[in-house]
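**Q** Take this sequence and fold it.
(one chain, ligands or ions: 1)
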Amino acid sequence: MTAVLTVLGPDGPVQQPVEQPVLRADDLGVLRGESVFETMRIAAGRPAFVDAHLQRLARSAERLAIDLPPGVEGLVDGYGFPDGVLRIVCTKGGTAYALATPVPEETIRGRQHGVRAITLTLGVPAGLRPQAPWLLGGVKATSYAVNMATLRHAHDEGADDAIWLSTDGEVLEAPTSTVAWVQDGVLVTPPAGEVAVLPGTTVAVALGLLTTPYEIRRGSAEELRAADEVLMLSSVRGVAPVVELDGRVLGTGPLTARLRDAFEAELLR
Ligand code: PLP
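**A** Here you go, the predicted structure:
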């Protein structure tokens, strides 16, 4: 499968070669990083959990004062390949497009064999970003340079991924995933609104599939490091076990494995 690019034109979505330019040089999405995006999984030929992604896209756009163009939802249709990643991008300059690409091998490996993660600071107290909406905590804007730099730092340290902590030692999220952990059979994940992390579509689906108890509450780095299981959840990787955290080997726990399999099955329903 090669990449498929669909641009939202005045008469609706139009496919065009990926090599063809899409953005204007003066688009604030490029000049200032003022664009919003969503990444969803294409499974069994269909983009998954589309409504949740489109709702979050609209919320992100509102926070950046971006007017979503009419018909943006039409970008999720018509890909015709079984598995992949679908990104929708809407810029402040008014351009909207969708890019469908294969799922990277590394992502599939992470889901199957787990990821080795380290904790890194995000440099803010956990309660700050909800009080400071201009910091855009919990908004899916394309200004992901900090997220990517965090991942590069983790790679330089020999890890696959990172988990952000607040300066007061609370668990926040990962640069491209929601974080959860399991202690004594209870799955715990931080409340997105209270600590201004992205409200994950994957964790929302996963919690609905759980047959065991869960808690949505704040938690400390100590709690995370002492957990029986640690998980990362995101649209494309799905439910991935954190098999090593800050050098402590955890392996793939039973609840994580069950939830990962249940989530993969749900995608195909
Ligand atoms: N947190 C951040 C910062 C993310 O970028 C993502 C992934 O997009 C998530 C959490 C998980 O969100 P979702 O499960 O909707 O993919």
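**Q** okay, CA-based contacts and neighbour counts for the rest of this
**A** OK.
**Q** need the residues of the stretch 151-269 of the chain near the ligand, please.
**A** 173-178, 198, 200-203, 233-235 (CA under 6 Å from any ligand atom).
**Q** mind listing which of these are in helices?
**A** Among those, the members falling in helices (DSSP state H) are 201-203.
**Q** Pull out the buried residues from the residues you listed.
**A** Applying 16 or more other CA atoms under 10 Å to these, the neighbour count classes 201-203 as buried.
**Q** What mean pLDDT does stretch 66-81 get?
**A** Across stretch 66-81, the average pLDDT comes to 90.
**Q** Please work out which residues outside it touch it.
**A** Under the criterion CA atoms under 8 Å, 6 or more residues apart in numbering, residues 1, 4, 6-8, 12-13, 35, 44-45, 47, 50, 54, 58, 61, 86, 88, 90-92, 94-98, 100 lie in contact with stretch 66-81.
**Q** again with stretch 136-150
**A** 29, 33-38, 57, 59-60, 63, 120, 129-130, 162, 175-176, 192-193, 196-199.
**Q** Any idea how far it is from the middle of the chain?
**A** Its chain's C-alpha centre and that of stretch 136-150 lie 10 Å apart, by CA atoms, centre = their mean, to the nearest Å.
**Q** and it with the ligand, contact?
**A** No: using CA under 6 Å from any ligand atom, we find that stretch 136-150 stays clear of the ligand, coming within 6.8 Å at best.
**Q** For that stretch, measure first residue to last.
**A** 17 Å (CA to CA, to the nearest Å).
**Q** mind starting the numbering at 36 from now?
**A** All right, first residue 36 from here; so that's stretch 171-185.
**Q** For it, buried residues please.
**A** Buried residues in stretch 171-185 (16+ other CA under 10 Å): 171-178, 182, 185.
**Q** circling back to that earlier point, for the residues of the stretch 186-304 of the chain next to the ligand, which single residue is the most surrounded?
**A** residue 208 (28 neighbours; other CA atoms under 10 Å).
**Q** Wait, that residue touches residue 201, no?
**A** No: Residue 208 is beyond contact range of residue 201, at 9.7 Å (criterion: CA atoms under 8 Å).
**Q** returning to that earlier point: out of the contacts of stretch 101-116, name the ones that lie in strands.
**A** Here DSSP state E is the test, and the contacts of stretch 101-116 give 39, 41-43, 47-48, 70, 82, 121, 123, 125-126, 131-133, 135 as lying in strands.
**Q** wait, what's in contact with residue 248?
**A** 220-222.
**Q** circling back: mind putting the residues of the stretch 186-304 of the chain next to the ligand into CSV with pLDDT?
**A** Shown next, in CSV, are those (pLDDT from 0 to 100):
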residue, pLDDT
208, 98
209, 98
210, 98
211, 98
212, 98
213, 98
233, 98
235, 98
236, 98
237, 98
238, 98
268, 98
269, 98
270, 98
